[in-house]
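Novice: requesting a structural model of the entry that follows:
(chains A and B)
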Amino acid sequence: RSDDNGPDIYKGKICSLKARALLIDMEEGVVNEILQGPLRDVFDSKQLITDVSGSGNNWAVGHKIYGCQYRENIVEKLRKTAEHCDCLQCFFIIHSMGGGTGSGLGTFVLNLLEEEFPEVYRFVTSVYPSGEDDVITSPYNSVLAMKELNEHADCVLPIENEVSNNILFLSARFEGSLNMDLNEISMNLVPFPRLHYLVSSLTPLYTLADVNVPSRRLDQMFSDAFSRDHQLIQADPKHSLYLACALLVRGNVQVSDLRRNIERLKPSLHFVSWNQEGWKTGLCSVPPVGHSHSLLALANSTCVKPTFIELKDRFMKLYKKKAHLHHYLQIDGMEQSCFSEAICSLSDLIQEYNELDATKGGPRVDPSRLKIAV
Amino acid sequence: MSIVTLQLGQCGNQIGHEVFSALCNDIRGTHGLCSKKENKSYQDSCKERFFCEQESGVPVARAVLVDMEPKVISQTLSMAARSGHWKYSSHSHFCQKQGSGNNWANGYSVHGPRHKEAIMNLVQKEAEKCDRLGGFFTIMSMAGGTGSGLGAFVTQCLRDAFPASFILNHVVWPYGTGEVIVQNYNSVLTLSHLYHSSDALLVHENDVIHKICAQLMNIKQISFRDVNQVIAHQLGSVFQPTHTTGEGSGYSRNPLGDLMETLVPHPEFRMLGLRNIPQMPENSLPYSTFSWPGLIKHLRQMLIANAQMEEGIDWQVRPPHPGSSIPSTNKALHFNTSIANLVILRGKDVQSVDLGSFQEPSLYTSWLNPQDAFNAWKTPRAFNKYEKSASLVSNSQFLLKPLDSIVGKAWNMFASKAYLHQYTKFGIQEEDFLDCFTTLEQVISSYTNL
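Specialist: Okay, here's the model as predicted:
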């Protein structure tokens, strides 16, 4: 809240609430647009860190040069913003992987957050470059950034297109009969520290002011959440292996609707043998703006693997020829080993997913229980 | 004697609210069907047990509300106040902001010690308001992080601070599918810890109550509120006043103590299941009549066949013949052996009810006299608009299968080491898990070999 004691909402517009956010960019164009647009009152100039020349689509420039240069400034602004929080639960980092600033400086900030606020969860929403990306060096940038995400993020939500409405502001502040908080997401969906990439899908249900939605339509919302068309990355949930899945429903939906749909969908999904009923559920009675119901499904599933394999392939195409490498190596602090370590980290991750996929469909052997002397 | 209730976590607070509502509605109702004197005695007894009188005349629940995030408590307090018939004290709650993240270790090892003083101060205050403290009743789920982890810690603190008081933990078991992924870990950790500090665990399973809502209460779109209201009705049917010894003796003054004495003869066996009949939608009540022989017959078969409700009972199950030399491993399949049972009858003509069928020795293990293994409490005062209502609190193999299932799934997950890093970072190590598994395998073994 801003310091003056005026009303929060005046003539239908929010006027004294400020976003708890830091906007960082190494060129000014985008941030300036935001400050002139409809959200201009939501951001404070004290929350901006900008420069003029950009990072030239070079992860090393973002991470090593600007990182070093702006470190103190970033830490100071973070502390100030954190001080305004009654209870700081987590950080959301929103960036792209393919460029220089979001990717390089963004992952630098990720490291910083871990150092300065080690107990606060770090959720990262990363926009992965698509195959038709016109930034030639995006595979380098993405792989270098992936290593940082592997090691320093608690949860990553990869998305592959610009429709970035999967961010979970959702129910943490609203009431429901089964609340779900952000720290529960990490707890339930990350069984092993490095396997923290979550696939998300969001399905709204467009209805009128219908208080009791017929179950058929509600059930369709659940089915859609698991169809490949509704995923925010190229992924087919039904053919991959689930480690865990979370369903957060908003609107007038009750526990029986949730359970009915879980029963219905379970047979068509493959869950890892030690988590056959790996569902985390949340019910929030407050519907999202503009819809009467919505469902957010978050899954930890091997269906992220193809995205990573593709990324590795594109990286290797460039790396084998040492294309554009000098742009990176000439930066202070960058060495060949940065690249080899990064691709190693990605390969290891892919291998972990491969090993999991190999268990799919195999015979299920439950470990024998502890024997007690009678 | 008064009981102090501790509502722990979201589930504990939501259910607690329904329980106090149900108790209050019951005593305010005019469907007591008994003499004015009886009714007055009942009301006074209930009020003394669960409420504190204030000058304003609105009864104040003897409760401490604890949660690690504020939304649920805030809702609970305001819902109670809005009823106009009862409320919570404005100084009896404790909450934080960030929740426990479904992490038992966070609840137990971090929040517990950090907030112990504040929470125990509230408990002490409530205890001091009681003329005579009859013990503690805690309400919690075992699937999440606060009710389960912090709940286990608080139970231990209660035991340390009030070594002579009775502690009864009401524990809600989650749906087999879809609530919290780490629910089986949280459950194993909770149950094993409670086993060491609590006097008895009174269990409700969400799956069972859900079925009751669907099949008996005819609710189409079942909500947690519906589930909680059925649970509250069942708990009320146990905790409202009764005559434990003969009618002229006045209402029992030590309900928790009586419960423990009748049902927990041996510390290894502390898991209590609860059944209540009849259950039906409120608007059907005026059109239904029941006979005690019919109700008793159904309740007894629910006991021996381990039925979850009065529909779908397997009438084929019979107790083994007395005196036969069938070794325990060949015992009649699916027959539910009891250690001790308590039947509570409320309403019209209770004195005439024949409970001989519950006293047959073949229902019980051999190491208690059948006279000691079975008890009955009664009151002519009808409960919650049911002309006749019968409850069974049973220390038997009711919970053996569900417990075994939870331990099995948790073990399966533990063997792959999944999610362990989430617990070790708060100080719960693999060895701690192993201890808990050992405790519960022991309990399973004990109940299996009855």
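Novice: around chain B, pick out the residues from the stretch 201-350 of chain A.
Specialist: Residues of the stretch 201-350 of chain A lying close to chain B (CB under 8 Å from any CB of the partner chain) are A:212, A:243-244, A:246-247, A:254-259, A:262-263, A:266, A:273-281, A:283. C-beta: built from backbone N, CA, C; applies to glycine.
Novice: if we go to 7 Å?
Specialist: A:244, A:254-259, A:262, A:274-275, A:277-281 (CB under 7 Å from any CB of the partner chain).
Novice: report the two of those separated the most.
Specialist: Farthest apart among these by CB to CB are A:254 and A:274. That separation is 29.6 Å.
Novice: before we move on, the earlier item: in helices only, show me the residues of the stretch 201-350 of chain A next to chain B.
Specialist: Judged by DSSP state H, helices contain the following of these: A:255-259, A:262.
Novice: torsion angles phi and psi at the residue lying closest to residue B:84 once chain neighbours are set aside?
Specialist: The shortest distance from residue B:84 to any non-neighbouring residue, by CB to CB, 6 or more residues apart in numbering or on different chains, is to residue B:58 (7.5 Å). Backbone dihedrals for residue B:58, given as degrees, to the nearest 10, come out at phi -80, psi 120.
Novice: let me know the pLDDT of residue B:58.
Specialist: For residue B:58, the pLDDT comes out at 90.
Novice: from what I can see it touches residue B:87, true?
Specialist: Yes: at 5.7 Å, residue B:58 counts as touching residue B:87 under the criterion of CB atoms under 7 Å.
Novice: pick out whichever of those two has more residues nearby.
Specialist: Applying other CB atoms under 10 Å in any protein chain shown to residue B:58 and residue B:87 shows that residue B:87 carries more neighbours, namely 22 against 16.
Novice: what distance separates the one helix or strand residue B:26 maps to from the centre of its chain?
Specialist: According to DSSP states H and E, residue B:26 maps onto helix B:9-28. Using CA atoms, centre = their mean, to the nearest Å, the distance from the centre of helix B:9-28 to the centre of the chain it belongs to is 13 Å.
Novice: do the same with stretch B:272-282
Specialist: 13 Å.
Novice: buried residues, it. List them.
Specialist: Taking 16 or more other CB atoms under 10 Å in any protein chain shown as the neighbour-count basis, stretch B:272-282 is seen to contain the buried residues B:272-280.
Novice: quick one: end-to-end length of that stretch, please.
Specialist: 27 Å (CA to CA, to the nearest Å).
Novice: quick one: residues in contact with it.
Specialist: When contacts are defined by CB atoms under 7 Å, 6 or more residues apart in numbering or on different chains, stretch B:272-282 is touched by residues B:200-204, B:212, B:216-218, B:230, B:234, B:237-238, B:263, B:288, B:290, B:295, B:298-299, B:302, B:309-310, B:385-386, B:389-396, B:398-399.
Novice: next, count neighbours for residue 56.
Specialist: Answering for chain A, as no chain was given. Burial of residue A:56 is recorded as 14 neighbouring residues (other CB under 10 Å).
Novice: other chain: chain B
Specialist: Using other CB under 10 Å, residue B:56 has 8 other residues around it.
Novice: shouldn't it be within a helix?
Specialist: No: checked against DSSP: H, G, I helix; E, B strand; the rest coil, residue B:56 lies outside a helix; its state is coil.
Novice: how far away is it from chain A?
Specialist: Separation of residue B:56 from chain A (CB to the nearest CB, to the nearest Å): 28 Å.
Novice: now do residue B:429
Specialist: Using CB to the nearest CB, one gets 16 Å for the distance from residue B:429 to chain A.
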